[in-house]
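Undergrad: Sequence and computational prediction follow.
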Amino acid sequence: MKRTRFLKNVVGFGLLSAVGCRTETAEQKPASTPVSTKTLREELIAAWVQSEKMTLTNVEQMPPELFTFRYTDEAMTFSEQWRHCIVFTCGQLAGRAGVTNPYEGVKLPVQMPKADVIKELKNLYAFVRKSIQTLSDEKLLANCDFAGDTIPVWRLFYAMENHIIHHRGQCIVYLRLMGIIPKGYYGW
């Protein structure tokens, strides 16, 4: 299911059509048909599985000796970009969705070698999938505060994936600056 259709199902037929999204007619799918939490979980997991593939494709391309590369003194290194994604995502989900943070009391090194970054990223994605699968329906649909707004917890998972997309985009630039042509970036 494409994100537009998914959001239409969750947010409601009329709201998305008002902002110009292509939707089905009311005869095809009534606006009052709610999306099931089963479908919601499937959509979230599909998005995170694809995110993991794209992230690992990005990380695998950087040679191990360049994980401490930064394009300017103020920027995070390639390794730090991914460490930040791991710590931030787990912290946000723990604090806002009420799941146990696997990094609570754990201090990841600021600079990690390639093998450790890959290991921790795999742990992150496994944690996210498990969280999606094990949160109660009530918690998944409950609201939480985020970025000055109130959003449902299921949407927090998309916000966290969007955050990773942001840093993955930065890391694509790091690859290009090192003369590496990024691969695997098509579709979502």
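TA: Nice, thanks for sending it over.

Undergrad: Please name the nearest non-neighbouring residue to the residue nearest the centre of the chain.
TA: Centroid-nearest residue in the chain: Glu161, 1.4 Å away (criterion: CA atoms, centre = their mean). Excluding the flanking residues, the one nearest Glu161 by CB to CB, 6 or more residues apart in numbering is Ser51, at 5.2 Å. Glycine gets a C-beta too; all of them are placed from N, C-alpha and C.

Undergrad: what number of residues lie near Leu56?
TA: 16 (other CB atoms under 10 Å).

Undergrad: does it really touch Val117, like I thought?
TA: No: look at Leu56 against Val117 with CB atoms under 8 Å: they stay out of range, at 9.9 Å.

Undergrad: Past the helix-or-strand element of the chain with minimal mean pLDDT, which element shows up next along the chain?
TA: Ranked by mean pLDDT, DSSP states H and E, the weakest helix or strand in the chain is helix 13-18, scoring a mean of 36. Counting by DSSP states H and E, the element after helix 13-18 in chain order, helix or strand, is helix 37-61.

Undergrad: Can you name the element that comes right after that next one?
TA: Immediately after helix 37-61, counting by DSSP H and E, sits helix 78-97.

Undergrad: Could you tell me which other helices and strands that next one packs against?
TA: Packing partners of helix 78-97 (3 or more CB pairs under 8 Å, 6 or more residues apart in numbering; DSSP states H and E): helix 114-134, strand 143-146, helix 153-177.
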